[in-house]
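>>> Need a 3D model of the following:
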Amino acid sequence: MESLQNHFLIAMPSLHDTFFERSVIYICEHDAKGAMGLVINKPLGIEVNSLLEQMDLPAEQVSTDLAFNANVMMGGPVSQDRGFVLHTSQPYWANSTDLGCGIMLTTSRDVLTAIGSNRSPEKFLVALGYAGWSKDQLEQELADNSWLTIPATNALLFDIKHEDRWPQASRALGFDAWQVSAQAGHA
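This is a model prediction of the structure:
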């Protein structure tokens, strides 16, 4: 299977009563060893400014309240005490990975202190925790009809309200996800 890095996983309606019900996941890594992604549409109920206060991080001079009022997402069930920032590309953070298509993943604290300042990434999403799959696990879930996939877009990642990301992602395929049967057909 081709790598799904820089794609979205869209939870099928059949994923009821699980952590991933109605989830949209941005896939950061996908190779022969497994996959790692961040849920981008499930807010934790905490704003970035509150997270920074809890972490005792000094914020730089803030130029806008909009960035501070952004919701922190529940990135996944694994390592929920670990933070991740998906953001538009910038060259100067301590621990960043270029994911392609103008997106970076940063896990260092320096990017958090810059949010809202003139050094802040233009667009960003803060998440705690991640979703992970071991070797061939994601491929099996795809074969089991648990997920749909689409190429990632910056618009869906950063510009659409979190509550609208799941329906918008399915509409990108030309239909609403709730219309899809949970039963897989095999010829």
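
>>> Helix or strand with the lowest mean pLDDT in this structure?
helix 65-68 (a mean of 51; mean pLDDT, DSSP states H and E).

>>> Next, residue 158: secondary structure please.
Following DSSP: H, G, I helix; E, B strand; the rest coil, the label given to residue 158 is helix.

>>> Can you pull the poorly scored residue ranges out of the chain?
56-69, 176-187 (pLDDT under 70).

>>> if we go to 50?
61-66, 186-187 (pLDDT under 50).

>>> Take stretch 124-141, keep the C-alpha atoms, and write them as PDB.
C-alpha atoms of stretch 124-141 as PDB (Å, rounded to 0.1, in the frame of the first residue of the first chain):
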ATOM      1  CA  PHE A 124      -1.500  25.900  13.600                       C
ATOM      2  CA  LEU A 125      -3.300  23.200  15.500                       C
ATOM      3  CA  VAL A 126      -2.300  22.100  19.000                       C
ATOM      4  CA  ALA A 127      -3.000  18.600  20.100                       C
ATOM      5  CA  LEU A 128      -2.300  16.400  23.200                       C
ATOM      6  CA  GLY A 129      -1.800  12.700  22.500                       C
ATOM      7  CA  TYR A 130      -1.700  10.900  19.200                       C
ATOM      8  CA  ALA A 131      -3.100   7.900  17.300                       C
ATOM      9  CA  GLY A 132      -0.800   5.100  16.500                       C
ATOM     10  CA  TRP A 133      -0.900   1.900  14.500                       C
ATOM     11  CA  SER A 134       1.600  -0.900  14.500                       C
ATOM     12  CA  LYS A 135       2.900  -2.700  11.400                       C
ATOM     13  CA  ASP A 136      -0.100  -3.500   9.000                       C
ATOM     14  CA  GLN A 137      -2.700  -2.500  11.600                       C
ATOM     15  CA  LEU A 138      -3.900   0.500   9.700                       C
ATOM     16  CA  GLU A 139      -4.000  -1.500   6.500                       C
ATOM     17  CA  GLN A 140      -6.200  -4.000   8.200                       C
ATOM     18  CA  GLU A 141      -8.500  -1.300   9.600                       C
END
